[in-house]
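Visitor: take this sequence and fold it.
(one chain, ligands or ions: 1)
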Amino acid sequence: MISCKKNLKESGRCLMRYRTAFFYEMLKSLRLLIILFILFNLWGCATAPYRRVPTQGVYHIVESGQTLYRIAKTYNVDVNIIIRANQINDPTKISVGQPLFIPGAKTTLWVEPYRPAIQEAVEKIVGPKNYDSVWRYITLHHSATLQGNAARFDRDHRNRGMGGLFYHFVIGNGTLSDDGEVEVGWRWKKQTQVNRPYDIQICLVGNFNEQQLSDAQFNALVNLINVLRKQYNIPLTNIRRHKDIKGCITECPGDFFPFDRILAQLK
Ligand SMILES: [Zn+2]
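Guide: Have a look, this model is predicted:
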């Protein structure tokens with residue numbers, strides 16, 4: 001009976017020790033889970049910064065010539081905050097009379113409308129003819145992105161080890177530069193060629209596998225090509241899409257790119 005009692009006592013202690021060990025193991029696992037949860041959230045924040053859309057703001061009624069880029073700049077609000085607050089799928093498609101919620105704004109402001117550059121203005125942007133340069137081709141690209149400008153692509157191309165902006169000119173779509181705004185890249189300023197000699201690179205912001213070129217972009221492109229052709233005697237047959245270059249496997253500048261309409265306009 002004594003040994004039996006002793007055994008019972010022992011097994012009770014064993015059970016207690018087992019329960020305590022189990023409790024500590026559970027605590028350890030829980031602690032690990034909490035650490036993993038915090039790390040996961042921190043990592044998520046580092047890769048995809050999420051800025052909360054403020055609930056206070058004003059409604060701006062879009063008027064003619066007011067691009068999302070201009071509106072965001074005037075109100076000093078990140079363009080993506082306006083896009084998110086208004087659930088805009090295509091940032092190039094804001095229409096006259098459309099109310100846009102501007103988060104954080106206290107009062108409505110006047111937004112200066114953009115007037116696309118006429119040929120004389122484009123001539124100024126391109127600058128005088130460089131007699132040391134022999135430009136023979138013009139290749140047309142799209143950015144394959146919904147947003148962009150020269151500075152954004154310069155940063156992206158630098159990160160990809162391309163030595164900065166690949167294109168000589170970038171034509172905006174009203175998101176991060178004006179609709180039809182012609183921006184000059186450093187390669188044009190320095191008259192530097194890309195991997196294809198004598199070939200001027202023009203990029204239009206947008207994904208023309210999904211969108212259409214805007215009228216302002218179309219006109220700016222025609223004006224720009226006219227100026228370049230006049231300065232460097234580039235024949236119409238040397239104007240090409242990126243995908244027309246032999247050996248280039250690409251869809252650039254997209255299926256909706258109105259190449260025939262551009263050629264017809266240039267004739
Ligand atoms: Zn391309």
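
Visitor: please report how far the residue nearest to Pro99 when sequence neighbours are not counted lies from Tyr167.
Guide: Leaving aside its sequence neighbours, Pro99 sits nearest to Tyr59 (CB to CB, 6 or more residues apart in numbering; 4.5 Å). Using the backbone N, CA and C atoms, a C-beta is placed for each residue, glycine as well. When distance is defined by CB to CB, to the nearest Å, Tyr59 is 37 Å away from Tyr167.

Visitor: who has more neighbours, these two?
Guide: Tyr167 (24 against 12; other CB atoms under 10 Å).

Visitor: element containing Arg84?
Guide: Using DSSP states H and E, Arg84 falls within helix 79-85.

Visitor: who does that helix touch, helix- and strand-wise?
Guide: Here helix 79-85 touches helix 68-75, strand 99-103, going by 3 or more CB pairs under 8 Å, 6 or more residues apart in numbering; DSSP states H and E.

Visitor: who in the protein is up against the ion?
Guide: Within reach of the ion by CB under 5 Å from the ion, the chain has these residues: 141, 242, 252.

Visitor: where along the stretch 151-267 of the chain do the strands fall?
Guide: Taking DSSP state E, counting those that start in this stretch to define them, one finds strands in the stretch 151-267 of the chain at 169-173, 179-184, 199-204, 239-241.

Visitor: list the strands paired with the third one, with their directions.
Guide: Based on DSSP bridges, the strands next to strand 199-204 in the sheet, each with its direction, are strand 137-142 (parallel), strand 169-173 (parallel).

Visitor: and if you look at the last one?
Guide: According to DSSP bridges, strand 239-241 has the following sheet partners: strand 137-142 (parallel).

Visitor: C-alpha coordinates for the partner strand, PDB please?
Guide: The C-alpha coordinates for strand 137-142 follow below in PDB (Å, rounded to 0.1, in the frame of the first residue of the first chain):
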ATOM      1  CA  TYR A 137      15.700  56.500 -87.900                       C
ATOM      2  CA  ILE A 138      12.900  57.200 -85.500                       C
ATOM      3  CA  THR A 139      11.700  54.200 -83.300                       C
ATOM      4  CA  LEU A 140       8.400  54.500 -81.500                       C
ATOM      5  CA  HIS A 141       7.700  52.800 -78.100                       C
ATOM      6  CA  HIS A 142       5.000  52.700 -75.500                       C
END
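
Visitor: part of a strand, is the residue nearest to Pro99?
Guide: Yes. Under DSSP: H, G, I helix; E, B strand; the rest coil, Tyr59 sits within a strand.

Visitor: for it, give the beta-bridge partners.
Guide: Going by DSSP bridges, Tyr59 is paired in beta bridges with Phe101.

Visitor: wait, it touches Leu100, no?
Guide: Yes. Tyr59 lies in contact with Leu100 (CB atoms under 8 Å); the separation is 6.8 Å.

Visitor: of all of the stretch 1-150 of the chain, which residue lies closest to the ion?
Guide: Closest contact between the stretch 1-150 of the chain and the ion, by CB to the ion, is at His141 (3.3 Å).

Visitor: what pLDDT does the model give Leu36?
Guide: Note on Leu36: pLDDT of 48.

Visitor: pick the most deeply packed of the strands paired with strand 199-204.
Guide: Of the strands paired with strand 199-204, the one with the most neighbours on average (mean count of other CB atoms under 10 Å) is strand 169-173, at a mean of 30.

Visitor: I'd like the distance from that strand to the chain centre, please.
Guide: 12 Å (CA atoms, centre = their mean, to the nearest Å).

Visitor: and if you look at stretch 118-131?
Guide: Averaging C-alpha positions (CA atoms, centre = their mean) puts stretch 118-131 27 Å from its chain's average.

Visitor: since we're on the closest residue to Val62 other than its chain neighbours, how many residues are nearby?
Guide: Nearest non-adjacent residue to Val62, counting by CB to CB, 6+ apart: Gln98, 4.6 Å away. Gln98 is flanked by 15 other residues according to other CB under 10 Å.

Visitor: wait, Gln98 sits on Glu63?
Guide: No. Here Gln98 lies out of contact with Glu63, judged by CB under 8 Å, at a distance of 9.9 Å.

Visitor: so the spatially closest residue to Val58 that is not a sequence neighbour, which state does it fall into?
Guide: Nearest residue to Val58 in three dimensions, chain neighbours excluded: Ala105, at 4.6 Å (CB to CB, 6+ apart). Classification of Ala105 by three-state DSSP places it in coil.
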